[in-house]
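K.L.:
fold the following for me, if possible:
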Amino acid sequence: MPHNVDSMAYYGDPPWHGLGTEVPARATAAQMICAAGLDWNVEKKPIPNVGASAKNESRRFQLIRMPRNGGESKVPLGVVGPRYRPLQNCEAFDFFDPIVGEQKAVFETAGSLGNGERVWVLARAPGEIRVMGDDCCSKFLLLSNSHDGRGSVIVKFTPIRVVCQNTLLLAVECGGKGHRVRHSRNMKERLQGVQDLLGVMWRTFQAAETLFQSLAKVQIDTARLNSYLQAVYPLTEQQRKEHVRPERWDRVIMLFEKGDSPALLPSYTLWGAYNAVTRYEDYRIANEAGPDRRLNRVWFGPAADLKLRALSVADSLRQEWAN
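P.N.:
Numbers count the residues shown, from 1 in each chain. Presented below is the predicted three-dimensional model:
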C-alpha cells in the first residue's frame with residue numbers, strides 16, 4: 001500500500017496521517033489487536049537445502065506472516081537462523097497486562113509498518129510531566145517488535161509534548177536507547193523480566209520532569225545556541241573553512257526563534273532549543289515522503305538517535321552553564 005503504516009488502531013484524536021480504526025476508551029488487548037489488524041501470527045518455515053547441515057537440517061528459515069482468512073495470502077517478512085524465536089503480536093500485548101489490567105495505563109495506539117515487519121504498542125500512563133505553566137508532556141510506554149529478523153523487542157519511555165506533539169525519547173535508568181530483548185529461546189522469560197521496568201518508568205518520568213524544568217531555566221543567546229547546534233549537528237571541516245552552516249541549522253534556529261506559543265515559557269532557553277531540534281526532526285520529512293512515515297523515523301529511525309543525543313547534549317550544557 002502507499003502508506004508506510006500497514007494497519008493501526010487509536011484512541012482519541014485521529015493520527016496525523018488520518019489512517020487507523022478508532023477504539024473506545026480503555027480498550028482491551030483483544031479489542032486493540034483486532035482493530036489494529038494485528039490478529040495474525042508469524043511462522044518460521046525452513047528453506048530447503050539452504051545452509052543445510054551434515055544431518056540435512058536447515059540452517060536458514062523464512063519468517064512468514066500467516067493469513068487471517070481465505071482472502072489473504074502468506075507474506076514473507078525475512079530470513080533468520082535456527083535460534084530465532086518469533087514473538088507473536090498477542091504476546092507483545094501481554095507485556096502490558098499488569099499495568100492496563102490494573103488501570104495504571106491505557107492503550108493509545110497500536111499497529112504495524114510495511115507488510116508487518118515492525119509492530120508497535122503505545123500505552124499512556126496517568127498524569128503529565130509539567131515543565132512550567134501550561135507547558136506539559138504526556139507520558140507513554142512504547143513497545144516495538146520486529147518480524148523481519150533484523151531487530152530486537154524494544155521498550156522505550158516516550159513523552160509527547162502536548163502543545164505541538166513533539167515526540168521525546170528517554171533512555172531507561174541503565175542507559176542506552178531503551179531495553180532490548182533478542183528473539184531467542186528465553187525471550188519470553190526475559191521480556192517478563194522487563195516488567196520490572198514499570199517501577200523504573202515512574203522514576204524516569206519524575207527525573208525527566210526535573211530535567212525539563214531545569215532546561216527551561218537556562219537562558220541562552222546566539223553564541224550558546226550555536227554551541228548547542230555544533231554539539232548536536234557538528235560542522236564538517238569544509239563548512240568550518242568556508243564559514244558556512246548547514247541548512248538544518250537555519251531551520252532549527254527559525255523554529256527556536258519562532259517558539260511554540262506566546263502562552264508558554266519563552267523559547268530562548270535550553271528547553272526551547274531542545275524542542276526546536278525535536279520539532280525539526282519530527283516534521284522534516286512530512287512533506288517529502290508522506291506524513292505517516294514520520295512514525296517510523298521519529299520512534300525507530302535516525303531521528304530517534306538524534307533526539308536522544310540532543311537531550312544528552314542539553315543536559316551536559318545545562319550543568320556547564322549553570323555554574
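
K.L.:
just say helix, strand or coil for the residue nearest to D39 when sequence neighbours are not counted.
P.N.:
Distance criterion CB to CB, 6 or more residues apart in numbering; nearest residue to D39, sequence neighbours excluded, is I33 at 5.3 Å. (C-beta placed from N, C-alpha, C; glycine too.) For I33, the secondary structure call by DSSP: H, G, I helix; E, B strand; the rest coil comes out as helix.

K.L.:
roughly how far apart are I33 and G114?
P.N.:
18 Å (CB to CB, to the nearest Å).

K.L.:
picking up where we left off before, quick one: the residue nearest to D39 and E91 touch, right?
P.N.:
No. No contact is recorded between I33 and E91 when judged using CB atoms under 8 Å, the distance being 10.7 Å.

K.L.:
okay, these two: which has more neighbours?
P.N.:
Neighbours per residue, other CB atoms under 10 Å: of I33 and E91, the larger number sits with I33, 21 against 15.

K.L.:
residue contacts, that one?
P.N.:
The contact partners of I33, taken as CB atoms under 8 Å, 6 or more residues apart in numbering, are D39, N89, C90, F93, A110.

K.L.:
I'd say R251 and R279 touch.
P.N.:
No. Contact criterion CB under 8 Å: R251 and R279 do not qualify, at 9.5 Å.

K.L.:
looking at these two, which one has more neighbours?
P.N.:
The residue with more neighbours, out of R251 and R279, is R279; 21 against 16, by other CB under 10 Å.

K.L.:
now the more buried one, what's its secondary structure?
P.N.:
In the three-state summary, R279 is assigned as helix, counting by three-state DSSP.

K.L.:
hmm, back to that, which of the contacts of I33 scores worst on pLDDT?
P.N.:
When the contacts of I33 are compared by pLDDT, F93 scores lowest at 82.

K.L.:
where's that residue, which helix or strand?
P.N.:
Under DSSP states H and E, the secondary-structure element containing F93 is helix 89-94.

K.L.:
what residues of that helix count as buried?
P.N.:
In terms of neighbour count (16 or more other CB atoms under 10 Å), helix 89-94 has its buried residues at N89, A92, F93, D94.

K.L.:
packing partners of that helix?
P.N.:
When contacts are defined as 3 or more CB pairs under 8 Å, 6 or more residues apart in numbering; DSSP states H and E, helix 89-94 sits against helix 29-35, strand 118-132, strand 135-146.

K.L.:
adjacent strands (with direction) for the last one?
P.N.:
With DSSP bridges as the test, strand 135-146 is paired with strand 118-132 (antiparallel), strand 153-157 (antiparallel), strand 160-161 (antiparallel).

K.L.:
mind exporting that strand as PDB, just the C-alpha atoms?
P.N.:
Once side chains and other backbone atoms are set aside, the C-alpha atoms of strand 135-146 remain, and they are given as PDB (Å, rounded to 0.1, in the frame of the first residue of the first chain):
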ATOM      1  CA  ASP A 135       3.800  23.600  29.000                       C
ATOM      2  CA  CYS A 136       3.400  19.800  29.700                       C
ATOM      3  CA  CYS A 137       4.100  16.400  28.300                       C
ATOM      4  CA  SER A 138       2.000  13.200  28.200                       C
ATOM      5  CA  LYS A 139       3.700  10.000  29.400                       C
ATOM      6  CA  PHE A 140       3.800   6.900  27.300                       C
ATOM      7  CA  LEU A 141       5.400   3.400  27.300                       C
ATOM      8  CA  LEU A 142       6.300   2.200  23.900                       C
ATOM      9  CA  LEU A 143       7.000  -1.500  22.900                       C
ATOM     10  CA  SER A 144       8.100  -2.300  19.400                       C
ATOM     11  CA  ASN A 145       8.700  -5.700  17.900                       C
ATOM     12  CA  SER A 146      10.200  -6.700  14.500                       C
END
